[in-house]
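Asks: Provided below are the primary sequence and the corresponding predicted coordinates.
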Amino acid sequence: MNKTYKDQFPDNFLWGGAVAANQVEGGWDEGGKGLDLASCFLRGLTNGFIGLPDTDKYHPEREAIDFYHRYKEDIRLFSELGFKVFRTSIHWTRIFPTGEEKEPSEEGLKFYDDLFDELLKYGIQPLITISHYEMPYHLVEKYGSWRSRRLIDFFERYCRVIFNRYKDKVKYWLTFNEINNIRRNAGYVGGIIFKENENRMQSIYQASHNMFVANAKAIRLCHEIIPDAKIGCMMSLSNIYPNNCDPVAVFETQDVRRRSLFFGDVMLKGYYPTYIYRLWKENDVHIEMQDGDLELISKYKNEFPAFSYYRTTTHEAGQPYFGDTGGDVGTPNPYLETSEWGWQIDPIGFRYTLNELWDRYQVPLFPVENGLGAKDVVVNGKIHDDYRIEYLKKHLNALKEAIKDGVDVMGYAYWGPIDIVSAGTLEMEKRYGFIYVDKDNDGNGTLERIRKDSFEWYKQVIDSNGKDL
Ligand code: BG6
């Protein structure tokens, strides 16, 4: 047999789970923390509206699941599951409350020191997203967010501080969560609040360029300060199919997909791909670049793409795909089942995506978000979430098939191993967890943690290194 053929998960496979600070921590105004972008959302990722928070309304992410005070209990449960890796983010505003301070907040830094120590105590590697919708809101208001190059300096200062502080504790880093979603959700991802009559594409691609430069500078710093660390980019790569074999639908599908992969092309290959110039030309987009930007981008590339994969949608010929300003819509796919939130469940799409990315980039991949958001019912203190087990089983089998196809995969981090506030709809009851959190959409509940049936199931998957699926 060919020596490179693998039919099992590799021995050092990083099994684990992923969350984001803004969706779990709470403590939104504790420890000197500043106001962040996510706390300013009134309606969540799906509708993408931002404005100053309305203090009369209930905002679930302000207390979230109180991970800020309960992380020790939660990490103990993750260790019981056998996690090798745990992904979370650093709340930028705990370290620099407005983003502009010259000196970081010691209290904020200390919080993450303790959190990482707690993970390492159980042999769990932290995988840290530097920015997951948590940029200081002050930078949005004062500078118009990533439209301004000033943000590059603020981000670089933030990176320097956290790399220096955590260099002995964190060896896996990600720069911007789902950076490619800026093309369709500029507010949530990049803090871009559009003005009337603004050329939206211009702002989006200018902000993206500034983020690419910031990404390259972060990579440079990371390599200087933590030579044994790996730093990836992170993209939203749920996939899209043509809804039939009409060549127009097929071509447009390739086109819309490429608008996402464009971000990986720049950050992993190190240059602007030729196809982007036509889009810019036809939409009157003129990107301001400074001398040295393209060299930086070409020299400092991410070592791996991390990505989220939840579902697939379909594209019909002629259907607007919202270019760069809206969400992708999609027609129903009759071959797939749909979650309670209308997301079409597609394990083969996961294998397809893994192969697509491997073929394109030829670097190890890290799926760091995948999971099922569903309503759970507690019956006599138990949660029988066989639907979640089913989702996971099918997706992990698809992942194993991709490994057999020859794809190099670093690990798998299930999204929301403990129930958290949803980013899309800002609710608690879209639950992903193996661990139930007693809290409802209106904030009622004791915050008690309860193991669901899926807890035991995922635990034995990790125990057997994916042999028992
Ligand atoms: C991704 C985000 O878009 O999807 C997460 O990185 C988010 O922050 C996840 O929570 C799932 O979406 P939702 O809307 O179900 O929370």
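Replies: Received the coordinates, thanks.
Asks: Enumerate the residues of the stretch 251-400 of the chain near the ligand.
Replies: Ser308, Glu369, Gly373 (Cβ under 6 Å from any ligand atom). For glycine as for every other residue, the C-beta is placed from the backbone atoms N, C-alpha and C.
Asks: quick one: which of those is nearest Leu109?
Replies: The shortest separation between Leu109 and any of these is 26.4 Å, and it belongs to Glu369 (by Cβ to Cβ).
Asks: Where do the strands of the stretch 151-300 of the chain begin and end?
Replies: Along the stretch 151-300 of the chain, the stretches classed as strands by DSSP state E, counting those that start in this stretch are 172-176, 230-236, 239-242.
Asks: Which parts of the stretch 1-150 of the chain are strands?
Replies: With strands called from DSSP E, counting those that start in this stretch, the stretch 1-150 of the chain shows them at 14-18, 85-89, 125-131.
Asks: hmm, who's touching the last one?
Replies: What that stands for is strand 125-131. 14, 16, 18, 20, 84-90, 92, 115-116, 119-120, 155, 158-159, 162, 166, 169-177, 218, 234, 306, 368, 413 (Cβ atoms under 8 Å, 6 or more residues apart in numbering).
Asks: Next, work out how far apart the residue in the chain positioned nearest to the ligand and Ser236 are.
Replies: The shortest separation between the chain and the ligand is 2.4 Å, found at Gly424 (distances taken as Cβ to the nearest ligand atom). Using Cβ to Cβ, to the nearest Å, one gets 11 Å for the distance from Gly424 to Ser236.
Asks: low-confidence ranges in the stretch 351-469 of the chain?
Replies: The model of the stretch 351-469 of the chain has no residue with pLDDT under 70.
Asks: how about low-confidence regions in this structure?
Replies: Those would be 1-3, 41-57, 321-329, if you go by pLDDT under 70 across the chain.
Asks: May I ask you to name the longest helix in it?
Replies: helix 200-225 (DSSP state H).
Asks: Skipping adjacent residues, who's closest to the residue nearest the centre of the chain in space?
Replies: Ranked by distance to the mean C-alpha position of the chain (Cα atoms, centre = their mean), the top residue is Asn177 at 4.1 Å. Closest residue to Asn177 apart from its sequence neighbours, by Cβ to Cβ, 6 or more residues apart in numbering: His132 at 4.0 Å.
Asks: Start and end of stretch 191-198, how far apart?
Replies: Stretch 191-198 has its terminal residues 15 Å apart, counting by Cα to Cα, to the nearest Å.
Asks: Tell me which residues touch Pro60, please.
Replies: Counting by Cβ under 8 Å, 6+ apart, Pro60 has contacts Val421, Leu426, Glu427, Met428, Lys439, Asn441, Gly443.
Asks: Show the backbone phi and psi for Gly82.
Replies: Summarising the backbone geometry of Gly82 under the convention degrees, to the nearest 10, its torsions are phi 90, psi 20.
Asks: Do I have it right that it meets Gly466?
Replies: No - look at Gly82 against Gly466 with Cβ atoms under 8 Å: they stay out of range, at 11.5 Å.
Asks: Can you verify Lys439 is assigned to a strand?
Replies: No - assignment of Lys439 by DSSP: H, G, I helix; E, B strand; the rest coil gives coil, placing it outside any strand.
Asks: That one contacts Arg449, correct?
Replies: No - with contacts counted by Cβ under 8 Å, Lys439 stays clear of Arg449, the gap being 10.5 Å.
Asks: higher neighbour count, those two?
Replies: When Lys439 and Arg449 are compared on other Cβ atoms under 10 Å, the one with more neighbours turns out to be Lys439, at 21 against 18.
Asks: which non-adjacent residue is nearest the more buried one?
Replies: Leaving out its chain neighbours, the residue that sits closest to Lys439 by Cβ to Cβ, 6+ apart is Gly445, at 3.7 Å.
Asks: hang on, the one you found in a helix?
Replies: No - assignment of Gly445 by three-state DSSP gives coil, placing it outside any helix.
Asks: Report whether stretch 176-195 contacts the ligand.
Replies: Yes - part of stretch 176-195 sits near the ligand under the criterion Cβ under 6 Å from any ligand atom, namely Asn177, Glu178.
Asks: Any idea how far that stretch is from the middle of the chain?
Replies: Relative to the chain's own centre, stretch 176-195 is displaced by 13 Å; criterion: Cα atoms, centre = their mean, to the nearest Å.
Asks: May I see the buried residues of it?
Replies: Buried residues in stretch 176-195, counting neighbours by 16 or more other Cβ atoms under 10 Å, are found at 176-193.
Asks: what do you get for stretch 361-371?
Replies: Going by 16+ other Cβ under 10 Å, stretch 361-371 has these buried residues: Tyr361, Val363, Pro364, Leu365, Phe366, Pro367, Val368, Glu369, Asn370, Gly371.
Asks: Show me these that map onto helices.
Replies: Those of the buried residues of stretch 361-371 lying in helices (DSSP H): Tyr361.
Asks: Distance to Pro334 for the buried residues of stretch 361-371 - can I get that in CSV?
Replies: Written out in CSV, the entries for the buried residues of stretch 361-371 read as follows (distance: Cβ to Cβ, whole Å):
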residue, distance to Pro334
Tyr361, 32
Val363, 35
Pro364, 35
Leu365, 29
Phe366, 32
Pro367, 26
Val368, 30
Glu369, 26
Asn370, 23
Gly371, 24
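Asks: quick one: Lys394 from Tyr172, how far?
Replies: Here the criterion is Cβ to Cβ. By it, Lys394 lies 27 Å from Tyr172.
Asks: Those two: who's more crowded?
Replies: The residue with the greater number of neighbours, taking Lys394 and Tyr172 and applying other Cβ under 10 Å, is Tyr172; the counts read 22 against 16.
Asks: Now for the more buried one: which residues touch it?
Replies: With contact set as Cβ under 8 Å, 6+ apart, Tyr172 has these partners: Val85, Gln125, Pro126, Leu127, Ile128, Ala229, Lys230, Ile231, Gly232.
Asks: Quick check, Leu174 in contact with Phe304.
Replies: No - between Leu174 and Phe304 there is no contact, the gap being 9.3 Å when judged by Cβ under 8 Å.
Asks: if we can go back for a sec, how about the longest helix of the chain: buried residues?
Replies: For helix 200-225, by 16+ other Cβ under 10 Å, it's 200-223, 225.
Asks: ok, now stretch 443-462?
Replies: Of all the residues in stretch 443-462, those buried under the rule 16+ other Cβ under 10 Å are Arg449, Ile450, Arg451, Lys452, Ser454, Phe455, Trp457, Tyr458, Lys459, Val461, Ile462.
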